[in-house]
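Chemist: give the three-dimensional model of this entry:
(chains A and B)
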There are 2 protein chains.
Amino acid sequence: MTAHLHGDQGCLNRQWSQSLFEGLIHGGVRDLVLSPGSRSTPLVLGALNCPELRLRPILDERSAAFYALGLAAATQRPVALLCTSGSAPAHWFPAVMEAFESAVPLLLLTADRPPELRAWGANQTVDQQRLFGRFVIEFHDPGPARVGTEARRAIRALGVRAAWVSRGPRPGPVHLNLPFREPLVPKGPCPPEPWEPHPDQPIADRPRPPGGPVENAPQAPGETIRIQAPWFFDNVVLEPDQIAAIRSLLTGPGVICCGPMRIGQSAMQAIWDCARLLGAPVLTDPLCGLRFTPRACNRVARYDSLLRNPATAQRLRPRWVLKIGRTPVSKTLQNWLRGVPSLLVDPSEHWFDPDHDVRIRLGAHPETLLNILTRLTAEDHTNDSAGQGWLADWAQAEQTVDALARDFLATSRWFEGQLITHLLARIPPGEGLFCANSLPIRQLDCWSGQRDTPLACFGHRGASGIDGQLSTFAGLNAGGSETGGGVIGLLGDLSFMHDVGGLTLLDAVKRPCIVLNNGGGRIFDYLPQHGLPDFERLWRTPSRVTLAPLAQAFALPHRVVEDAPGFSQALDECLALGPAGGASGLIEVRIDAERSLKLHRAFWHGMSESTPFHVQ
Amino acid sequence: MTAHLHGDQGCLNRQWSQSLFEGLIHGGVRDLVLSPGSRSTPLVLGALNCPELRLRPILDERSAAFYALGLAAATQRPVALLCTSGSAPAHWFPAVMEAFESAVPLLLLTADRPPELRAWGANQTVDQQRLFGRFVIEFHDPGPARVGTEARRAIRALGVRAAWVSRGPRPGPVHLNLPFREPLVPKGPCPPEPWEPHPDQPIADRPRPPGGPVENAPQAPGETIRIQAPWFFDNVVLEPDQIAAIRSLLTGPGVICCGPMRIGQSAMQAIWDCARLLGAPVLTDPLCGLRFTPRACNRVARYDSLLRNPATAQRLRPRWVLKIGRTPVSKTLQNWLRGVPSLLVDPSEHWFDPDHDVRIRLGAHPETLLNILTRLTAEDHTNDSAGQGWLADWAQAEQTVDALARDFLATSRWFEGQLITHLLARIPPGEGLFCANSLPIRQLDCWSGQRDTPLACFGHRGASGIDGQLSTFAGLNAGGSETGGGVIGLLGDLSFMHDVGGLTLLDAVKRPCIVLNNGGGRIFDYLPQHGLPDFERLWRTPSRVTLAPLAQAFALPHRVVEDAPGFSQALDECLALGPAGGASGLIEVRIDAERSLKLHRAFWHGMSESTPFHVQ
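Modeler: Predicted coordinates for the structure are as follows:
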């Protein structure tokens, strides 16, 4: 081992890096998205020695990070990012922020100079300690590569820990700053190490989630309910006053409101079961995972429209709301719920309550919630008071508005409304949709309705920016292609242009990116900013770029459509491309923004003026 | 004043914002680079009321920040950036880092939700407190707009302070996080405020730098020298042991080494005067401000080549080095200076000394240094010991290598060497050059030689990334156009692609951006990474994008050249465009990278094998 002290520093660096990756792989990492650089060379060499890892080089670190975000969201596994020192990792920041806010596991591996060169004016060297501030779950700097088995065990354990911590209970990015001394490249073949013939050497294993439900511990008689979550390390302990508070809150007619979240099959089922137990409708945000899926119970998707009717909004106003996930996209919904006492269910540390209505927060998964409610209702049948009329009213309203919306779209000229219904009707089961922020997600919310065939719907609702959307779209497809499901993109022209460099990543994407070209940030047409001085230049900021030559520069197919038949044909052509086919490229959809604004206003006006939608 | 409490929050927000801008303008801000958003609306409205401000909207915040960096570097004034809440400001991070490291004044104005909505799951809301960590000089969050004259005075004073602090003595970015309560837009015309008729109301004025030199205070007899800088708030106090240390260090033959820095005429003159006093050659980095300017004394520009000759390197090795500015680009120079005791002169808080050779650091401007040296040499004529042969040897070596380099270029086939000499011969006086990192700056260092007509040379040597180069180039030209001088860009193809979205900003740029298209990150061809497994894919990462349709998509002219006559013609065409002409667009220079590598190696080999370049 002392050979290293006078041996090849390049070998030591490489072996140290390899041990780190062994740990990360043990923790579930399979993808390394890396940007070129010199200081990061030992880590690349270490990764090349790990056959379990897929290396995905991307030039622009900002694109790389959003790509990793999409990849992690699609695969539900932590994804590692690697870049060189200096300003390179700063480009990750927007995606790191989104990953932190929307709880996506990322491993941020930054190469660095060793401590003796930091703050001494060495080239491409900045202070990388805690670079991402509060937007990571943990930060570590293990120092430069050290010699010996103990050191190797420590760096491997750090890999295990970082990957594991990134996955929860509060998932998110973990930052490892990794300094290396020169030389970075081995001078010759590296000698075999005592470490290497023993890849099975025990390391501190952490418990894995067991495969099925765990029997709840038998309750001791007394006033405290202790419930263990069936599938998670997620324990909720409720004291008597807390039980009383829940019981008291969930009295009379209420609603379940599901905002953007990541959710699995068992959690979905738990929410439907909760809805049945509580006799409550489930208001499903397009990104909550429950709007586009079978096995729905009391599902509502048209709330953004039906609540625009004042009489209906008043009649359907609940006594309580059970909130699951992030704040929903619909501002109409949010305004309507203002002042209604809420119970928030979220397993992470977030407290989603911008209107300050939450009375109780349970740090629990939906499965745990179901356990609690089952126990509560078994004890006192809390929610008989809601009555059958409550659910019937909701169902009637949903059905009426759904029919009205379809009629409206059938008789209107082409705008985003028909595009969204056509799109949802055509995406095959098992495929996904990635919807950009600003107008597209709001229009999806308004026009989608429900869908019984499953559709994975993705969007950035952590920090809710219009950034990194092309790169995320590419990452989602890289992940989706693993399971056979592609992801279609739906972007506005500004979010498209904001990440135009991400076009380099679309050559491997089999699914089309639909670009709603309506001449700039049209969301401001709907906001009070409309009509302010210099509105066009300072808020709407239309782009002067033409998409056809842009697509050509990146060797991507480009289709322009301006009506429903054109759109359906373009979409069908793209979806018909087999696995051996090339990239789908862009479907540019020209939208008459003035017409779209008028149609939206006409529809919403109709909603507000209509007869109330519930049973009279 | 209490009218506001029940009055129009939109008006209060706008007036508050306007007061902030009044302060910033007082502190020297004239440009506001802003990206579209909703929460930032009150600040845009406030800025629109300030006729002194130029508003420059740019969609992508990352581009906006690099543009602001270029604008501030060109105008030598602080530039304000404005964006909305959420992940938007995170895109500024790479440029903020570069601004901090290279001491460029920026005002970072981030709109935010008020405290009652932060960490509550409100849309597009993240923790923006101290978002940029240590990479800002100061951070403030003044809270939401408040009513009353005292509040208005406070926010205006914050504007003055932020702008002033950003300018020095340690220039850099200052971050103001600015929360606003809704509504963001005034409901109607805002009532005139008692404040508004009194724009001259006194605010705490800070001393401005006087126009000329200040008489140094007469020295009291004793052992302590107290020297006041002539133009700066830059005081150096030297105790007797420190004076002795300087005297002892500057004994025998030495060199002055000028690295990348921002420098004015008086500081340049001070350095030439120091060189004369000390009898030392001045090794001038291409970004130090002294290589391309008249009035040179003992200037050396060919050190990267001449030091490759072992005999010359040994003969010219100094006893001491006086370092001014950041670490130079040339690795040859840095290696050669390793172990030579150094005196570092830098007015900022940085300590540029990666080889740990600095014995003394003076926190002073060059003018102050000259004062100190004048005093020291008047007392004991320290540097007679260097001798005339020392300077003659250096001059001889510089001259010989200059001639050899010119001969080499005259007889070689086309590569970057001729391009750089052609370029420097053709850029008119008063114009600038922006040189990207990685290979271009190293090639400029190697091939430029000296130039007696002034040329402002810019580059990112703070964090030394290959990022944001197109956007910075556009910002430099926006600033340069003020003074009549344009700035030509010299970029590699990877740095070009890294910031491809910055192409949207080139429609207003009259000077060409020269893109050295050599098929990827060719710097790695010169490094030990060359030949590693998967080298092409993981390090060199060539782009598959074609520039002609890309330029077309952004409506930019595009010229391709492959030899010296073609390059000269393209450059002349671009420079002949009058002020009324359109954008210059791109000059794509196709480079045969293998040939270039061979030629560089041949030249350096020739250098190392030659007869020593100094007088024998």
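
Chemist: just checking, what packs against the host helix or strand of residue A:109?
Modeler: If you go by DSSP states H and E, residue A:109 is part of strand A:106-112. Packing contacts for strand A:106-112, counted by 3 or more C-beta pairs under 8 Å, 6 or more residues apart in numbering or on different chains; DSSP states H and E, involve helix A:41-48, helix A:61-75, strand A:79-83, helix A:93-101, helix A:149-166, strand A:173-179. Glycine gets a C-beta too; all of them are placed from N, C-alpha and C.

Chemist: let's see 7 Å
Modeler: With contacts defined as 3 or more C-beta pairs under 7 Å, 6 or more residues apart in numbering or on different chains; DSSP states H and E, strand A:106-112 has these neighbours: helix A:61-75, strand A:79-83, helix A:93-101, helix A:149-166, strand A:173-179.

Chemist: contacts only, for residue A:272.
Modeler: Neighbour list for residue A:272: A:295, A:296, A:297 [criterion: C-beta atoms under 7 Å, 6 or more residues apart in numbering or on different chains].

Chemist: so which bits of the strand or helix carrying it are buried?
Modeler: Under the criterion of DSSP H and E, residue A:272 resides in helix A:265-278. Of the residues in helix A:265-278, A:267, A:268, A:270, A:271, A:272, A:273, A:274, A:275, A:277, A:278 count as buried by neighbour count, 16 or more other C-beta atoms under 10 Å in any protein chain shown.

Chemist: what average pLDDT does it get?
Modeler: Averaging pLDDT along helix A:265-278 yields 94.

Chemist: stretch A:32-47 now?
Modeler: 96.

Chemist: ends of it, what's the gap?
Modeler: By C-alpha to C-alpha, to the nearest Å, the extent of stretch A:32-47 from end to end equals 8 Å.

Chemist: where do the helices sit along the stretch 301-450 of chain A?
Modeler: Ranges of helices in the stretch 301-450 of chain A, per DSSP state H, counting those that start in this stretch, are A:303-306, A:310-315, A:331-337, A:366-380, A:388-411, A:416-426, A:439-447.

Chemist: please convert those to JSON lines, extending it with mean pLDDT and mean neighbour count.
Modeler: JSON lines is the format used below for the helices of the stretch 301-450 of chain A (pLDDT from 0 to 100; neighbours: other C-beta atoms under 10 Å in any protein chain shown):
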{"stretch": "helix A:303-306", "mean pLDDT": "97", "mean neighbour count": "27"}
{"stretch": "helix A:310-315", "mean pLDDT": "96", "mean neighbour count": "16"}
{"stretch": "helix A:331-337", "mean pLDDT": "97", "mean neighbour count": "18"}
{"stretch": "helix A:366-380", "mean pLDDT": "83", "mean neighbour count": "18"}
{"stretch": "helix A:388-411", "mean pLDDT": "95", "mean neighbour count": "17"}
{"stretch": "helix A:416-426", "mean pLDDT": "96", "mean neighbour count": "20"}
{"stretch": "helix A:439-447", "mean pLDDT": "96", "mean neighbour count": "24"}
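
Chemist: reformat those helices as JSON lines; add distance to chain B.
Modeler: Formatted as JSON lines, the helices of the stretch 301-450 of chain A follow (distance: least, C-beta to the nearest C-beta, whole Å):
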{"stretch": "helix A:303-306", "distance to chain B": "15"}
{"stretch": "helix A:310-315", "distance to chain B": "21"}
{"stretch": "helix A:331-337", "distance to chain B": "9"}
{"stretch": "helix A:366-380", "distance to chain B": "18"}
{"stretch": "helix A:388-411", "distance to chain B": "24"}
{"stretch": "helix A:416-426", "distance to chain B": "20"}
{"stretch": "helix A:439-447", "distance to chain B": "11"}
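
Chemist: can I get these in a markdown table including distance to residue A:480?
Modeler: Output for those, formatted as a markdown table (distance: least, C-beta to C-beta, whole Å):
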| stretch | distance to residue A:480 |
| --- | --- |
| helix A:303-306 | 28 |
| helix A:310-315 | 38 |
| helix A:331-337 | 29 |
| helix A:366-380 | 24 |
| helix A:388-411 | 29 |
| helix A:416-426 | 17 |
| helix A:439-447 | 19 |
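
Chemist: looking at chain A, which helix or strand does the model trust least?
Modeler: Lowest on mean pLDDT, DSSP states H and E among the helices and strands of chain A sits strand A:225-228, with a mean of 47.

Chemist: and stretch A:540-547, which residues are buried?
Modeler: For stretch A:540-547, by 16+ other C-beta under 10 Å, it's A:540, A:541, A:542, A:543, A:545, A:547.

Chemist: ok, and of those residues, which contact chain B?
Modeler: By C-beta under 7 Å from any C-beta of the partner chain, the members of these lying near chain B are A:541, A:545.

Chemist: out of the buried residues of stretch A:540-547, list just those in helices.
Modeler: Using DSSP state H, the subset of the buried residues of stretch A:540-547 located in helices is residue A:547.

Chemist: format the buried residues of stretch A:540-547 as JSON lines; extra columns: pLDDT and distance to residue A:257.
Modeler: What follows is the buried residues of stretch A:540-547, written out as JSON lines (pLDDT from 0 to 100; distance: C-beta to C-beta, whole Å):
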{"residue": "A:540", "pLDDT": "89", "distance to residue A:257": "32"}
{"residue": "A:541", "pLDDT": "89", "distance to residue A:257": "34"}
{"residue": "A:542", "pLDDT": "88", "distance to residue A:257": "36"}
{"residue": "A:543", "pLDDT": "86", "distance to residue A:257": "36"}
{"residue": "A:545", "pLDDT": "88", "distance to residue A:257": "39"}
{"residue": "A:547", "pLDDT": "94", "distance to residue A:257": "38"}
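
Chemist: which members of the buried residues of stretch A:540-547 are the farthest-apart pair?
Modeler: Spatial extent of the buried residues of stretch A:540-547 (C-beta to C-beta) is set by the pair A:540 and A:547 at 18.2 Å.

Chemist: and the residue of the stretch 201-350 of chain A found nearest chain B, how close does it get to residue B:264?
Modeler: Using C-beta to the nearest C-beta, the single residue of the stretch 201-350 of chain A nearest to chain B is residue A:327, 4.7 Å away. With the distance defined as C-beta to C-beta, to the nearest Å, residue A:327 ends up 52 Å from residue B:264.

Chemist: of the two, who's got more company?
Modeler: residue A:327 (24 against 14; other C-beta atoms under 10 Å in any protein chain shown).

Chemist: my guess is the more buried one meets residue A:259, correct?
Modeler: Yes. Using C-beta atoms under 7 Å, residue A:327 is in contact with residue A:259, at 5.5 Å.

Chemist: quick one: common contacting residues for these two?
Modeler: Among the neighbours of residue A:327, those also in contact with residue A:259 (C-beta under 7 Å, 6+ apart) are residue A:352.

Chemist: residues contacting residue A:463?
Modeler: Applying C-beta under 7 Å, 6+ apart to residue A:463 gives the contacts A:97, A:98, A:101, B:86, B:87, B:124, B:126.

Chemist: just name the closest of those to residue A:557, please.
Modeler: For the contacts of residue A:463, the nearest to residue A:557 is residue A:98 (28.7 Å; C-beta to C-beta).

Chemist: could you find the closest non-adjacent residue to that closest one?
Modeler: Excluding its sequence neighbours, the residue lying closest to residue A:98 (C-beta to C-beta, 6 or more residues apart in numbering or on different chains) is residue A:462, at 4.6 Å.

Chemist: okay, now the one you found: neighbour count?
Modeler: Residue A:462 has 24 neighbours, counted by other C-beta under 10 Å.

Chemist: same question for the one 4 residues further on.
Modeler: Counted by other C-beta under 10 Å, the residues lying close to residue A:466 total 29.

Chemist: that one is in contact with residue A:435, isn't it?
Modeler: No. Residue A:466 is beyond contact range of residue A:435, at 11.7 Å (criterion: C-beta under 7 Å).
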